[in-house]
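> Give me a 3D structure for the following:
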Amino acid sequence: GATDGLTEQASIELTAHQKYVIAVYQDVLARAPDPGGLAYWSQLLDHGAAVSSVAQAIAHSDEYYANFVIKPDYVKLLGREADDSGVTYWTGRMHDGLTDQQLEAMLVSSDEFYANAGGTNLAWIDAIYKLLLGRAADSSGESYWTGQLAAGQSRQQAAEGIANSAENDAQLINEDYFHYLGRDADPDGLAYWLAQFAAGKTNEDVIAGFTGSDEYYKQHSK
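Next comes the predicted model:
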């Protein structure tokens, strides 16, 4: 009918750059771009800006940090909604370079998380494994980390050790592959991004790498 014609007409009028911007918003921010955002980014691309620069900006936006890192981490790790001041504080820290893994470590090393877990070092380690790594702690992991704490390591240091482990890094990378490329990470890709994390890159850099790639642009600008 007439409406089909309209939809078809609208889709024909979108430029390749506009289609790409729409795809990045949907994938990274889980929403359609507002008209201003669509115009702003597609015009930058029209004027020769690199696709990768647009992907970088959207993946490192306040909105991404708040809605897809900070708020979900509060729910997952603290079992409650994030308060506005917390969101504002952590967003600022993430703009300053705090990584997803460091945020996780800071939340699980808080007194709030420790008390929720049962208030003992063993219960705390068990809760971190369960909530952060998605599995029960093995006895060697339990004895290693409780030993570290008994020897004077701070909760923050122990939490960072677990959050920055290859196991936790690999989970983040696999989630990115699945979300943005629709598949599990191949061994080479996983090894590449693990090395990037070790060199100080953040999960947002991974996301920008995927959505700013030629492969992604070609796929989403048709």
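> right, and Ser221 touches His17 too?
Yes: contact criterion C-beta atoms under 8 Å: Ser221 and His17 qualify, at 7.0 Å. C-beta coordinates here come from the backbone N, C-alpha and C atoms, glycine included.
> Where does the prediction get shaky in this structure?
Within the chain, the segments meeting pLDDT under 70 span 1-12.
> Identify the residues contacting the closest residue to Lys19 other than its chain neighbours.
Ranked by C-beta to C-beta, 6 or more residues apart in numbering and with sequence neighbours excluded, the top spatial neighbour of Lys19 is Ser221, at 5.0 Å. Contacts were defined as C-beta atoms under 8 Å, 6 or more residues apart in numbering; by that measure Ser221 touches Ala16, His17, Lys19, Tyr20, Ala23.
> Ok, Gly48 next?
Applying C-beta under 8 Å, 6+ apart, no residues contact Gly48.
> which among the contacts of Ser221 gets closest to Ile70?
Nearest to Ile70 out of the contacts of Ser221 is Ala23 (C-beta to C-beta; 24.1 Å).
> can you count the residues close to the closest one?
17 (other C-beta atoms under 10 Å).
> Any buried residues in the host helix or strand of it, and which?
Taking DSSP states H and E as the criterion, Ala23 maps to helix 16-24. Using 16 or more other C-beta atoms under 10 Å as the test for burial, helix 16-24 gives His17, Gln18, Tyr20, Val21, Ile22, Ala23, Val24.
> try stretch 191-205
Applying 16+ other C-beta under 10 Å to stretch 191-205 flags Trp193, Leu194, Gln196, Phe197, Thr202, Asn203, Glu204, Asp205 as buried.
> Redo these as CSV? Include distance to Ile125 and secondary structure.
Output for the buried residues of stretch 191-205, formatted as CSV (distance: C-beta to C-beta, whole Å; DSSP: H, G, I helix; E, B strand; the rest coil):
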residue, distance to Ile125, secondary structure
Trp193, 27, helix
Leu194, 23, helix
Gln196, 28, helix
Phe197, 22, helix
Thr202, 25, coil
Asn203, 24, helix
Glu204, 28, helix
Asp205, 29, helix
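> For these, please prepare JSON lines with the additional fields distance to Ser61.
What follows is those, written out as JSON lines (distance: C-beta to C-beta, whole Å):
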{"residue": "Trp193", "distance to Ser61": "21"}
{"residue": "Leu194", "distance to Ser61": "25"}
{"residue": "Gln196", "distance to Ser61": "20"}
{"residue": "Phe197", "distance to Ser61": "21"}
{"residue": "Thr202", "distance to Ser61": "13"}
{"residue": "Asn203", "distance to Ser61": "14"}
{"residue": "Glu204", "distance to Ser61": "9"}
{"residue": "Asp205", "distance to Ser61": "14"}
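> from those, which two are the most distant?
Largest separation among the buried residues of stretch 191-205 by C-beta to C-beta: Leu194 and Glu204, giving 16.2 Å.
> Ala170 and Pro187 touch, don't they?
No: using C-beta under 8 Å, Ala170 is not in contact with Pro187; the gap is 10.8 Å.
> More neighbours: which of these two?
Shown here are Ala170 and Pro187; by other C-beta under 10 Å, Ala170 has more neighbours (16 against 8).
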